[in-house]
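S.K.: Generate a structure from the sequence data that follows.
(2 chains)
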Amino acid sequence: MGEGRKSCGMNTRPVLSRRQFVKTSTGLAASMAMVASQRVWGANDRVVFGFMGVGGRGSYLLQAFAKRSDVEVAYVCDVDTRRFANAREAVEEAQGRAPKTTQDFRRILEDKSVDVLVNATPDHWHALGTILACQAGKDVYVEKPLAHNPWEGRQMVAAARKYQRVVQVGTQSRSASYLREAAEAIRAGKLGEVQLVRVFNMMEHPRRKPGTTQPVPAGLDYGLWCGPAPLMPYDPGRRWLDQWEFSCGAIAGDAVHQLDLARYLIGDMPYPDTVVQAGGVNVLKDGREIPDTQIATFEYGKLTLVLDGALWAPYMKKTPMAVRDTDEMPNWPFNATRIEVLGTRGMMYYGRHGDGWQVFGPDAESAHTGVGRQSDAEHQDNFIACVKSRKQPTSDVEQGHYSTLLCHLANISYRVGNRKLAWDAKTESFRDAPDANAYLRRTYRAPWIVPETV
Amino acid sequence: MSMAKAMAWMGAALFLAVAAAQAQWLAVTNAQARIASVEMGGPVLALDYELQDVEASADGPAWVFITARWPGRPDWEALPAAWLRGNGHGLITSPGKKRSYAWGLSEHGWPEKAPPEIRIRALRMRRIPGGVFDQLSLPGGGRDAAYGEVGQARLSTFWMSRHEITVGQYVDYLNEVGGSGAGWNPSMTNAIRCGIERGAGGAYAAMPGRANHPVTYVSWYDAQAFLAWCGLRLPTEAEWEKALRGGHFLDGDDTRRQANPMPKRPFPWGIEPPNEGGVHRCNYEGDADGFAQTASVGSFAKFDSPYGISDLVGNVAEWTLDWYTTSYHAQLDGFRMIRGGSCLDPAEACDAVSGSTRLPIKESGITGFRGVWAGPQPPNGR
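M.R.: As a prediction, this is how the structure comes out:
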């Protein structure tokens, strides 16, 4: 596993310094090779899209991309035909014509006129959908978290590189210009030496009502929905987001945004040296498998990254809409998705929802402030631009792999008893922990098998 | 009565007749308003009219609501049901002459010396008797695919409009209350999905052939505002599902004489899918059913629900009163539930349990609404 991948060799770096940051950036730039395109783009050419999965997030992306004058939505795909009508209407309203609808995403891949697959499926379909799209010559916009397990995340990177595809991950906050300003402030030494990064993801999720096995409704291709996962009895009360077979978890699915931003702020180091998780299913004991409490600690040499994740914290709120995209700062102590970067001379609050950032100095004075705006549109702009230019996108699949890997590592620590595990960057596996390594990949259900060689 | 007043009343009555024909209101004729003096209650407004609705019955009453424009006051104003006494407002179960009274005009600031212009509108309702029914979807479940959550729920008697609210009815509403543009948006000019024009001066009109089609591009708030104007509200998901499927006893749990032969039916007419056997039972996706887009309401009356309610599935999906509750984002963003499938939905989605969600501020060309009334009995204070 991991043959030929780029190794920045930074996972043992104890403290990020300006010199180290520059080195990291240079290393990344060197990897930004131009990738091949199958077509020559004219200035007014429209990129043809197919959408795989039009649930909540997929519908949002569908509407956002369909409104663009440089995009044509040719296909809407969902295993549940009940989702076609609203998706079709959204495209018709935006483009004046209806897209084709299909339950089987392979119809999109077979159509050579399609340039892009948007993969907004549950986690367990991200990898195979993306890899098959790369093999079919499509560029991909894939939702986060990138992969269901570490191994298939690496396979996605390999497929993107082998077929020279643009694969952008839906961690749109990475496209914000204020992220770059905040990183520059850290690089310039405003915080001194960064020792600790805290990533918060504190939510209030509802307790689930237990379900029962039911007949599969007409119009739902349940077998295709399960895809690589086991064909479990159909239980509409089973939430995929709470089950290992389908997901990395509700905390991971959101916290990966902040983990991705935190990684950027400290120089996009690919791997921690160790991980240890605390917590479990402590509050929402409704049959879920994936923890509602995740306190994960990652060591990057002497730099420590801590994830504080919970699904039972009603007093913690995401940044209110009235504050997002304004120059106002969030109420940081109760901000559910803040990042704290703590150095030897100062600390930074960073907010992901167009919040901006603030640096506080030794006397807790507000030393530096940068306002922000949300960057969904910039992220989509970047993807379209890269499809045409063949440059690597802002949230390239490889960065998505490293950010999502943190979620996987925390989950695997939990699954082996909240044990501290050492990570081997060269092999992308745990040192001396065969039980933990058993969770690095899943058993795939034929024919939906992620190939060993993509 | 002066000749001038008599002419004004006649004019109001003539206007009503025209509006009813355009708007799918039930026919109301000879509407008159007069102010009489009584002993201690002060001046009273007396409202007389004839409900030309031979089908009015206990199971299928007319819902009558009245608006008035008083001399010297620019706007049309509702006469709240609670202010009225008589047999001429609320649920009306038989045709013929009707009369209602209102006292306390000065309490509203209404003049007491001259009668107002009045508009009496009547909407066909169907009665859903109180009792237990099988609720087979999780309320608020929406796109979390919460199908098949078998349970029983008990609802008191309520009444639901037989048809989805039409373009014609909505135009009538806009012309009465929408002078500033409230309740209207430019998407409504879409001639195949809605078809409402707003002319110079803010006058609204249904495009040719569209008056009897369901109104669309209404936000949840637009729908609620229209229904508040009528004295109604949106149905809950439970009400909507019971109206489709029927209770364990179709005559209700008080009498229990008519057992529901299919209390778990997935479709208003029974268990056959909408397109089974070459029969088209509702307006679903495609044009095999005769309609590529919306159809006039009641086009599939042969396949009404056990209570005689039309188009609960297909044609346009319908806003409900309920919140979407089962996800984190649902709590953050206040989505509302939509039921019933539409003319763009595949046949299998036009059933009793499929739902979708939408932010209440968002309009859609495939979503409309209908109204319910669930007040106390007797309904009009007689």
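
S.K.: confidence score at residue 115?
M.R.: I'll assume chain A. Listed pLDDT for A:Asp115 reads 98.

S.K.: oops, chain B please
M.R.: pLDDT, B:Pro115: 94.

S.K.: Could you do B:Ile196 as well?
M.R.: pLDDT, B:Ile196: 97.

S.K.: quick one, what contacts the nearest residue to it once chain neighbours are set aside?
M.R.: Spatial nearest neighbour of B:Ile196, excluding adjacent residues (CB to CB, 6 or more residues apart in numbering or on different chains): B:Met188 at 4.1 Å. (Each C-beta comes from the backbone N, C-alpha and C, glycine too.) Going by CB atoms under 8 Å, 6 or more residues apart in numbering or on different chains, B:Met188 touches B:194-196, B:215-217.

S.K.: I figured A:Asp254 hits A:His353, correct?
M.R.: No. In this structure A:Asp254 lies outside contact range of A:His353 using CB atoms under 8 Å: 11.5 Å.

S.K.: and for the two, which residues touch both?
M.R.: A:Thr337.

S.K.: Give me the below-cutoff pLDDT ranges for chain A.
M.R.: By pLDDT under 70, the low-scoring segments of chain A are A:1-38.

S.K.: Tell me which residue is most central in it.
M.R.: The centroid of chain A falls nearest to A:Lys144 when counting by CA atoms, centre = their mean (2.8 Å).

S.K.: what helix or strand does that one sit in?
M.R.: Assigned by DSSP states H and E, A:Lys144 belongs to no helix or strand.

S.K.: From A:Pro210, how far out is it?
M.R.: According to CB to CB, to the nearest Å, A:Lys144 stands 29 Å off from A:Pro210.

S.K.: what's near enough to touch the nearest residue to A:Arg441 once chain neighbours are set aside?
M.R.: Excluding the flanking residues, the one nearest A:Arg441 by CB to CB, 6+ apart is A:Trp151, at 3.5 Å. A:Trp151 is in contact with A:1, A:428, A:440-441, A:450, counting by CB under 8 Å, 6+ apart.

S.K.: can you name the two of those that are farthest apart?
M.R.: Distance extremes for the contacts of A:Trp151: the farthest pair is A:Glu428 and A:Val450 at 14.8 Å, using CB to CB.

S.K.: now do the same end-to-end measure for stretch B:195-204.
M.R.: 10 Å (CA to CA, to the nearest Å).

S.K.: what do you get for stretch B:257-267?
M.R.: Using CA to CA, first and last residues of stretch B:257-267 are 23 Å apart.

S.K.: How far away from the center of its chain is that stretch?
M.R.: 24 Å (CA atoms, centre = their mean, to the nearest Å).

S.K.: Just the residues contacting that stretch, thanks.
M.R.: Against stretch B:257-267 from outside (CB under 8 Å, 6+ apart): B:133-134, B:136, B:244-251, B:270-271, B:273-274, B:281-282, B:303, B:306, B:313, B:350-353.

S.K.: if you look at those residues, which of them are in helices?
M.R.: B:244-245 (DSSP state H).

S.K.: Just the buried ones from the contacts of stretch B:257-267?
M.R.: B:133-134, B:136, B:244-251, B:273-274, B:281-282, B:303, B:306, B:313, B:350-353 (16 or more other CB atoms under 10 Å in any protein chain shown).

S.K.: Of the residues you listed, which are in range of chain A?
M.R.: Restricting these to those near chain A by CB under 8 Å from any CB of the partner chain leaves B:273, B:353.

S.K.: In strands, which of the buried ones among the contacts of stretch B:257-267 appear?
M.R.: If you go by DSSP state E, these have B:133-134, B:136 in strands.

S.K.: closest to chain A among these?
M.R.: Chain A lies nearest to B:Leu136 out of these, by CB to the nearest CB, at 9.5 Å.

S.K.: Now the closest one: closest residue in space, sequence neighbours ignored.
M.R.: In space, B:Leu136 is closest to B:Val353, 5.4 Å off (CB to CB, 6+ apart).

S.K.: ok, the one you found touching B:Glu241?
M.R.: Yes. Proximity of B:Val353 to B:Glu241 meets the contact threshold set by CB under 8 Å, at 7.4 Å.
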